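[1] For reference, the sequence and a predicted model appear below.
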Amino acid sequence: MERRHFFKVAAMGGGSLMVSGLTPVNGLTNLSDSTEDKKPDEATAQRTALLKGVCDIHIHASPDSKPRLINELGFARDAYKAGYRSILYKSNDFSCHDRVYLIRQELPDFEVFGSLVMNRVHGDKVNVRAAEKAVETTGKFCRCIWMPTGDAIYQLKHMNSKEQGIPVLGSDGKVLPEVVRVMEICEEAGISFATGHSSPDEAIVLARKAREVGLKRFIVTHANSGIWTMTPDQIKQSMDVGAFVEYCYLPKLWGAGTGLPEYTRMTDEEFLSFVRINPQRSFITSDLGQVGMPHPIDGMNDCIRTLQKGGISQQDIDLLLRRNPAMLVGLQG
């Protein structure tokens, strides 16, 4: 596998980069097995059956500090109607678990969750107090705390930015005490801790520390995306110490003609090569919600069809899109 397929430029990727002012793309020309030619009722029924029970735990929506394709309440309604079991919102600059409390007043039967990202809005270092308050918020709907994303040292370095990033490791290469404490808070609360936009090497160090802490829900974020792309060996190292590795479908959809044209679109086989490494310790998210990209439900629909066409068993599809992500947000069964 050639890493040049995963990024053309060392810049922001995944959920942290978007292009505003574009017409939202509701589908790409190469989406698998389009249902456009089918009767509306038949197409809706087929898609609902395909998406039933899906848990997408990496969604970007407004309100946010960047324009987004969808809003949190509207997407929750859409996902519930489409047959999803659960969603989790990620905002790079704001907590969103508090808003989830309100969304659930309208959709009491739907498992909607939020999260917290340790970017500069919470201070110049990983903020333990913010983590403590996140897990105490009414409803306890914060189900993941992410390390820095847009303010991660690794990302800023690749952007050639002069801004001061937020560290997760000290100058000695060891995990900083405040990061260890956030891991402990996540374990005490029974929620997930995610590497955010840490480098692949940093992610492995964090994974090893998480094992020492006894953290059961440790996530290596979008290991198939942009400058965070991991080698198979790095992925296996992370899994060997207990990490769950996230693969995003976003790189299968970005590229020419989309809201993220500067990236080279990943082929089906490249995507599937990640998925096949070890479904027991991995899961798939859409990482969608950017302006100019497909609606997250359209992206997830295409993802499942890509997996099916690629020969991924139904058991592994259920692990990747249902069982593992459900476990990571605290759902059982």
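    Done, it's in. From a predicted model like this one, the values you see are computed outputs, not experimental measurements.

[2] Residue nearest the middle of this protein, spatially speaking?
    Among the residues of the chain, the one closest to the centroid is residue 58, at 3.4 Å (Cα atoms, centre = their mean).

[3] Doesn't that residue belong to a strand?
    Yes - under DSSP: H, G, I helix; E, B strand; the rest coil, residue 58 sits within a strand.

[4] could you check the distance from the spatially closest residue to it that is not a sequence neighbour over to residue 56?
    Among residues not flanking residue 58 along the chain, residue 285 sits closest, at 3.5 Å (Cβ to Cβ, 6 or more residues apart in numbering). No exception for glycine: its C-beta is placed from N, CA and C like everyone else's. Computed as Cβ to Cβ, to the nearest Å, the residue 285 to residue 56 distance reads 6 Å.

[5] any common contacting residues for these two?
    residue 325 (Cβ atoms under 8 Å, 6 or more residues apart in numbering).

[6] Surely residue 64 is within a helix?
    No - secondary structure of residue 64 (three-state DSSP): coil, not part of a helix.

[7] give me every residue that touches it.
    The contact partners of residue 64, taken as Cβ under 8 Å, 6+ apart, are 91-94.

[8] Need the max-distance pair from those.
    92 and 94 (8.1 Å; Cβ to Cβ).

[9] Which one's more surrounded, those two?
    residue 92 (20 against 16; other Cβ atoms under 10 Å).

[10] just checking, that one touches residue 119?
    Yes - when contacts are counted by Cβ atoms under 8 Å, residue 92 is listed as touching residue 119 (5.8 Å).

[11] Find residues that contact each of these two.
    Common neighbours of residue 92 and residue 119 (Cβ under 8 Å, 6+ apart) are 149-150.

[12] wait, residue 234 sits on residue 199?
    No - counting by Cβ under 8 Å, residue 234 sits too far from residue 199 to count as a contact (10.2 Å).

[13] Sticking with residue 76, tell me its helix or strand.
    helix 72-82 (DSSP states H and E).

[14] CA-only coordinates of that helix in CSV, if you can.
    Output of helix 72-82 as CSV, limited to C-alpha atoms (Å, rounded to 0.1, in the frame of the first residue of the first chain):
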residue,chain,number,x,y,z
GLU,A,72,-27.5,18.5,15.3
LEU,A,73,-31.2,18.3,15.8
GLY,A,74,-32.0,17.9,12.1
PHE,A,75,-29.5,15.1,11.6
ALA,A,76,-30.6,13.3,14.8
ARG,A,77,-34.1,13.2,13.3
ASP,A,78,-32.8,12.0,10.0
ALA,A,79,-30.6,9.3,11.5
TYR,A,80,-33.4,8.1,13.8
LYS,A,81,-35.8,7.9,10.8
ALA,A,82,-33.1,6.0,8.8
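
[15] shared neighbours, residue 92 and residue 94?
    Overlap of the contact sets of residue 92 and residue 94 (by Cβ under 8 Å, 6+ apart) consists of 64-65.

[16] Contacts for the longest strand belonging to the chain, please.
    Longest strand in the chain, counting residues (DSSP state E): strand 111-117. By Cβ under 8 Å, 6+ apart, the residues outside strand 111-117 that reach it are 55, 57, 76, 85-93, 95-100, 103-104, 122, 130-131, 134, 141-146, 148-149, 196, 329, 331.

[17] Out of these, list just those in strands.
    Per DSSP E, the contacts of strand 111-117 map to strands at 55, 57, 86-89, 142-146.

[18] of those, closest to residue 306?
    residue 55 (17.8 Å).

[19] The closest one contacts residue 87, correct?
    Yes - at 7.3 Å, residue 55 counts as touching residue 87 under the criterion of Cβ under 8 Å.

[20] higher neighbour count, those two?
    Neighbour count, other Cβ under 10 Å: between residue 55 and residue 87, residue 87 has more, with 30 against 25.

[21] Residue 270 versus that one, what's the distance?
    26 Å.

[22] just residue 323 next, same as before
    24 Å.

[23] coming back round to it: quick check: angle from the longest strand of the chain to helix 72-82?
    140 degrees (axes from the mean of the first three to the mean of the last three Cα atoms, to 10 degrees).

[24] Strand 111-117 - what's its average pLDDT?
    Mean pLDDT, strand 111-117: 98.

[25] Give me the distance from that strand to the chain's centre.
    11 Å (Cα atoms, centre = their mean, to the nearest Å).

[26] Likewise for stretch 214-230?
    9 Å.

[27] again with stretch 110-122
    12 Å.

[28] If you count neighbours, what's buried in it?
    Neighbour counts using 16 or more other Cβ atoms under 10 Å place 110-120, 122 of stretch 110-122 among the buried residues.

[29] just those residues now: which is nearest residue 177?
    Once Cβ to Cβ is applied, the member of those that ends up nearest residue 177 is residue 118, at 14.2 Å.

[30] and the closest one, what does it touch?
    By Cβ under 8 Å, 6+ apart, the contact list for residue 118 reads 126-127, 130-131, 145-148, 166, 182, 196.
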